[in-house]
Structures are given as structure tokens and as C-alpha cells.
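Colleague: Dropping a prediction and its sequence here:
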Protein chains: 2
Amino acid sequence: MKLQLQIKMNEALYLRNPEGSELGKNIIKHGIQLIYKYGFEVFTFKKLAEDIGTTEAGIYRYFENKHKFLVYLTSWYWGWVEYQIGFHTNNLKDPAVKLKRVIKLLASSIEDDEQTSYVNESLLHQIVISEGSKAYLTRQVNEDNKQHFFKPYKDLCATIGNIILECSPKYKYPKSLATTIIEMAHFQNFFMYHLPSLTDFGKSKEETEVIAFLNDLVFSSLKKIK
Amino acid sequence: MKLQLQIKMNEALYLRNPEGSELGKNIIKHGIQLIYKYGFEVFTFKKLAEDIGTTEAGIYRYFENKHKFLVYLTSWYWGWVEYQIGFHTNNLKDPAVKLKRVIKLLASSIEDDEQTSYVNESLLHQIVISEGSKAYLTRQVNEDNKQHFFKPYKDLCATIGNIILECSPKYKYPKSLATTIIEMAHFQNFFMYHLPSLTDFGKSKEETEVIAFLNDLVFSSLKKIK
DNA sequence: TTTTAAATAATAGTAATACTATTATAAATA
DNA sequence: TATTTATAATAGTATTACTATTATTTAAAA
């Protein structure tokens, strides 16, 4: 029997828990596939309904709108990343080694995780790179934030910030450096593939180079005050 | 008589040059105001037409669609920033002083520039912070890029990358560090105001702190190999 | 000057999107 | 068995993002 990994989700993100029914799981599974295929702007609940073989109203029973669906997916992703970080840094003593591990996890593409049957993490990772910031770059950020929609992202930022402080207790910008790592792991990847002249890895297109850049950036800041 | 500053724009971004008529200038002026007011998603050409006192088709004679209008505005902004950087670093010899000046320019809010009558740079700066990345985080990036829509952003990145190399000729990631500065100057500002716990400046909300963080980040990377 | 053509503007449409409201059907409980 | 309750399907609507057609003005040619 397989172990099922469950990410705890904010209930205000959905009308009906998609993890509680076959249709719900299909919405997530095919939703990820279609956003990956079309991009978030061109993706619609109608296309999703047709893809699954249900009606538009069927989707609306689970998610109030497209935006909340995106926030749901990105939240799930950040929760999953947090879990991965916990798992992969569990036995590590040296905080610098831990931090390097975190950077690698954030900047590497991902194999589909068998523990989560209806979520393709590999596609979701790509979606978060291209669409993730659209979850908060909206006019409703403040209201969404009041409902704690961005808690998983904040938790991750806090976790990474704490590892940074373990490395250099006197460093003054742990949280800002954490968001810099998170966002740049994704942006440099996006630029590398789509606007290569904005990076120094346009030729090789190697994730390892993004990782090297981030390591250099982060440990230059931390080493001098260690 | 006033000097008029003109930013050279990619002609593929518009159907008819908006700088060449009163209606065109009004589209830019009121477009900036309305995107600032509503956010890009809620902003429509119909609202813009009503605001100006023309018809929807009137706008479509100038811009093919909303997306190209956003790309136009962000291009204009990056061109203007490039001009500002040239202007403010003109007489500076020391590249480190130059780079500090650039960081300050990117991370500071802006006063409206009198040289450009129909563009409110202060509002446009806020728009680029919240909406700027939506110009390239789309499914059409590759085609848009082929038409050189992102040249002003790339030019700016190259300019900053060169200043970085002046500081430290052996630094390996000048372009990636440049995009990190540009993006983080904006993201840290957005987070500071909307998701403050993602930064270390949530309490004070001081732009000077963002600047200090970026200076620390950049010069830590550069100093050690100077 | 008159005619003609080219450019510009206004009007009226349309397909698609993002929903909502209503009605129908099935399952669970009294 | 009757009756809530939950779920699903159908049909609708306002708005969006455009396009096509017609009208008007301006400019150039005859």
C-alpha cells in the first residue's frame, strides 16, 4: 500500500475540498496540465471542464474562480517544497550545507513525486516559475493576505531565513535574502530559457550554473560576517 | 520653451504612434492612471475610452491589444530608466559609486519628470513594480522576444552588467546579478508594502533599507574578488 | 475646381469569458 | 414512505476583447 502525502490547505481557497472526490482530484490533475499547456491567461474553466468531461459549473462547485485556483496550486507547491526541504535537510548539522541543499532544491527541476498521485510536481514547478508571482501581483493582495492565502510562501521564507541566521546570526536581511533566493531561483530559470541574454547561462542552459550563481551570491553576503 | 524628452519606441508595439496625436497622448496618460487605479487585470480599453471620451475602437487604432499596451508602457519605462542612469552617472569616475547610484535610482520612488508631459513617471514606476513582470511572464514571450519587445530591459541589464564588470572584471555573473538588482529593487518594494513579513523592512517601510540591502548583497559579491 | 482616393473616425456587431440562477436528480435521514 | 439535503446538469447573463461595416474628413490628382 502506498503512503499518501497530504499538504494541509487553507479552506478559504476552495468551496469544496478537491481532495475529497474523484472530480476534485481530476480538477487539480487536469488543471495543472492545462495551465502548463496554455498558460494561465488562456486557460479557462470551460477548457478544463471539457478536458475532464464535466461542466463549467462542475468546476465552480470546487473553486470560486481562476485566481483562487492558481493560489491553491501555488500554495500546494510551496507547502510541498517546505516538506521537501524538511525531508532533505533533516540530518544535516552544518547550516551552510543545509542552505546549499535548499538552494539546490529550489533551483532544480523536479521529478514527479509518486506519493502524490494527482499532482505532477514537475509540471507544477514549471507553472510556479511562469505564473507563480501572478498569485500575489494583483489588486487583491491585501485582502488575500488577510485570509492567509500566502502563508505557505511566508513559512518557507521564514524557514530559509532561519537557516540563513544559523549560518550568520548577525546578518541583517535574512528574510529579504530568502525571498531573493526563492524568486531568483525561478526567474533566472525563466530568463535562461526565454530571454537568455538577461542571464550568464544562456548558452549552456545548465541549472547547475543558476545554483552556482545563487551560492556565490548568498555565501558572499554571509561569509564576511560569519 | 520646454525641452521634450523622447524615448525611442519599437514600432511593432503600436498600430499608430501614440506620440503623434492628442488622442494618442491621452491614451498613454489616462492609460497609466487607470492601470494604476484598477490594476492590469481589471483595466479595459472600454474603461480607458470612457475616461478619455472616445470609443473602444479609437483605442484599438493605436494599440492592437491590452498586452501590447502594457509592453509599450514598460518599454517606455525601462528606456526612461536607462536615460536617467546615463544622466546621473555621467560624470562619475568610480564604478562602485556608479553602481550605488544605479541601485538607488532603481529602488527609489520617483518624482514626476516635467520633460515628459503625458507620462507620469511616479505612477508608471508603481505600475512597473506591480505589473511589469506580466509583460514577459506569458506564453508569447518567445514571439515577443523575436520582435525585440524586451530590448530596453535587456539594454538596461547590459548597462548595469558592464558597470558591475568595471567594478570587478573577474566577476562571473554580471548579467544575472544585474537582473537580480532590477527585479529585487521592485519585488522588495512590493513585499514591503503588501506582504511585509517577506522582508526585513516591513516595520519601517523605508526605501533606504531596500537600498542598503541591495548594496550589501551586490558589494559582498564583488568585493571579495576585486 | 471638382473628383477621387486615402486616411480617420464612429457605429454596430460577435465570439468567448467568467460567472450565476434555475431546475433536475440522487442520496440520506426522519 | 416522505422529505430534506446534497449534488449535478441546463440554461442563462453581463462583460470582455475584439472585428467588420459604414460614415466622414482630409489630401491629392485630374
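Modeller: Structure received.
Colleague: burial count for A:Arg16?
Modeller: The burial metric for A:Arg16, expressed as a neighbour count using other CB atoms under 10 Å in any protein chain shown, is 13. For every residue, glycine as well, the C-beta is placed using N, CA and C.
Colleague: Specify the local secondary structure of it.
Modeller: Reducing the assignment at A:Arg16 to three states with DSSP: H, G, I helix; E, B strand; the rest coil gives coil.
Colleague: Quick check, it in contact with A:Gly58.
Modeller: No - with contact defined as CB atoms under 8 Å, A:Arg16 does not count as touching A:Gly58 (10.5 Å).
Colleague: Show me which positions of the longest helix along chain A end up buried.
Modeller: Longest among the helix segments of chain A by residue count, using DSSP state H, is helix A:66-89. Applying a neighbour-count criterion of 16 or more other CB atoms under 10 Å in any protein chain shown, the buried positions in helix A:66-89 are A:66-82, A:84-85, A:89.
Colleague: Ok, stretch A:139-152 next?
Modeller: Buried residues in stretch A:139-152, counting neighbours by 16+ other CB under 10 Å, are found at A:140-141, A:144-145, A:149-150, A:152.
Colleague: Give me the subset of those residues that lies in strands.
Modeller: The members of these all map outside strands under DSSP state E.
Colleague: Tell me the one of those nearest DNA strand D?
Modeller: When the buried residues of stretch A:139-152 are ranked by distance to DNA strand D (CB to the nearest atom of the strand), A:Gln140 comes first, at 15.3 Å.
Colleague: Show the model's pLDDT score for that closest one.
Modeller: Among the per-residue scores, A:Gln140 shows a pLDDT of 93.
Colleague: How about it: what's its closest non-neighbour residue?
Modeller: Nearest in space to A:Gln140, with sequence neighbours left out and distances taken as CB to CB, 6 or more residues apart in numbering or on different chains, is A:His67 at 7.6 Å.
Colleague: so who does that neighbour touch?
Modeller: Neighbour list for A:His67: A:135, A:138, A:140 [criterion: CB atoms under 8 Å, 6 or more residues apart in numbering or on different chains].
Colleague: ok, the first one to A:Gly31 distance?
Modeller: The span separating A:Ala135 from A:Gly31 equals 14 Å under the rule CB to CB, to the nearest Å.
Colleague: and if you look at the second one?
Modeller: Using CB to CB, we find A:Thr138 at a distance of 19 Å from A:Gly31.
Colleague: More neighbours: which of those two?
Modeller: A:Gly31 (28 against 21).
Colleague: just checking, that one touches A:Leu73?
Modeller: Yes - with contact taken as CB under 8 Å, A:Gly31 and A:Leu73 are classed as touching, separated by 7.0 Å.
Colleague: which outside residues touch stretch A:187-199?
Modeller: For stretch A:187-199, the surrounding residues in contact (CB under 8 Å, 6+ apart) are A:107, A:129-130, A:201-203, A:205, A:207, A:210, A:213-214, B:136-137, B:141-142, B:145, B:150, B:153-154, B:157-158, B:175-176, B:178-179, B:183.
Colleague: And for A:Ala12, the neighbour number?
Modeller: By the other CB under 10 Å criterion, the neighbourhood of A:Ala12 contains 13 residues.
Colleague: Next up, phi/psi of it, please.
Modeller: Main-chain torsions, A:Ala12, degrees, to the nearest 10: phi -70, psi -10.
Colleague: Run through the helices of chain A in chain order.
Modeller: Secondary structure of chain A by DSSP H: the helices cover A:22-38, A:45-52, A:56-60, A:66-89, A:95-107, A:121-131, A:141-146, A:151-167, A:174-194, A:207-223.
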